[in-house]
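> okay, predicted coordinates and the sequence, questions at the end:
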Amino acid sequence: MNEKMIVYGTAWCGDTRRALKILDEYQIEYEYVNIDRNPEGEVIVKQINHGFRSVPTIIFPDGTIIVEPSNDKLKSKLLEYKYITQ
């Protein structure tokens with residue numbers, strides 16, 4: 001895919017760090033938005049998550065959103081969108 005996914009998260013969140021580690025291990029390009037440092041990013045996350053700062057919130061180029069995915073869920077989506085092959 002040519003467009004990057006967007007990962008909204010925070011530096012202190014273990015789930016965010018875990019998701020970013022997976023993306024980095026597979027050398028997948030993404031845009032990271034730290035919502036503690038980016039008020040606009042925080043607004044987007046709260047809009048998506050009914051007022052909650054649920055992170056990571058990951059938006060794929062087609063608009064699909066996953067929130068706080070497990071490793072398996074994230075890898076499943078990466079397979080589905082052909083970012084990875086196995």
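Structure's in. What do you need?

> distance of the nearest residue to Asp62 once chain neighbours are set aside relative to Gly9?
Spatial nearest neighbour of Asp62, excluding adjacent residues (CB to CB, 6 or more residues apart in numbering): Tyr81 at 7.8 Å. All C-beta spots, glycine's among them, are computed from the backbone N, C-alpha and C. Applying CB to CB, to the nearest Å, the value for Tyr81 to Gly9 is 19 Å.

> quick one, which of these two is more surrounded?
Neighbours per residue, other CB atoms under 10 Å: of Tyr81 and Gly9, the larger number sits with Gly9, 23 against 15.

> quick one: low-confidence ranges for this protein?
Within the chain, the stretches with pLDDT under 70 are 1-2.

> center of it, which residue is that?
Closest to where the C-alpha atoms of the chain average out (CA atoms, centre = their mean) is Ile58, at 2.7 Å.

> the helix or strand where that one lies pairs with which strands, parallel or anti?
Using DSSP states H and E, Ile58 falls within strand 57-59. Strand pairing for strand 57-59, determined by DSSP bridges: strand 5-9 (antiparallel), strand 65-67 (antiparallel).
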